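S.K.: Here is a sequence together with a model predicted from it:
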Amino acid sequence: MAVKGTKGAVTMGKKIVVLLGIAIVLLSPGIVLSDCVDLGRATSLYVQGGHGIIFYWGLTPIARVQVPYCPVSPSSSIRLIKNYVCDGEKIIIDGSECMIMTVSSSATGSY
């Protein structure tokens, strides 16, 4: 009979692990869905709205960056702090460091 109890405990443990994994994905989708992109290869950019920047390699869009707390205009000076950027990292816009809220690569996002 001890064997039956052990088998049931193992099955229950697996269910708990699966449910815990699902809970983590649902409660913190930003961790699972965050995107990182190599913007160092960008050859040009386009300012979209007042807080979005689309980076291009030639004529191909490679990523869109959202900076909700910094205004961006077509005449803004935009400089990368590092080439490979992820959500929550910084970019320099008109001499001020701005936090990147989201980075969407062309493979995962639509512009």
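M.R.: Alright, I've got the coordinates. Residues are numbered from 1 along each chain as shown.

S.K.: Which secondary structure state does K15 sit in?
M.R.: Secondary structure, DSSP: H, G, I helix; E, B strand; the rest coil: K15 is helix.

S.K.: quick one: pLDDT of it?
M.R.: In the predicted model, K15 carries a pLDDT score of 80.

S.K.: Determine the number of other residues adjacent to it.
M.R.: Each residue near K15 was counted by other CB atoms under 10 Å, and the total is 10. (Each C-beta comes from the backbone N, C-alpha and C, glycine too.)

S.K.: which residues are contacting stretch 57-73?
M.R.: Counting contacts by CB atoms under 8 Å, 6 or more residues apart in numbering, the residues outside stretch 57-73 that touch it are 35, 37-39, 41-43, 47-48, 50-56, 78, 85, 91, 93, 96, 98-106, 109, 111.

S.K.: let's see 7 Å
M.R.: Stretch 57-73 is contacted by residues 37, 39, 41-43, 47, 50-56, 91, 93, 96, 98-106, 109, 111 when judged by CB atoms under 7 Å, 6 or more residues apart in numbering.
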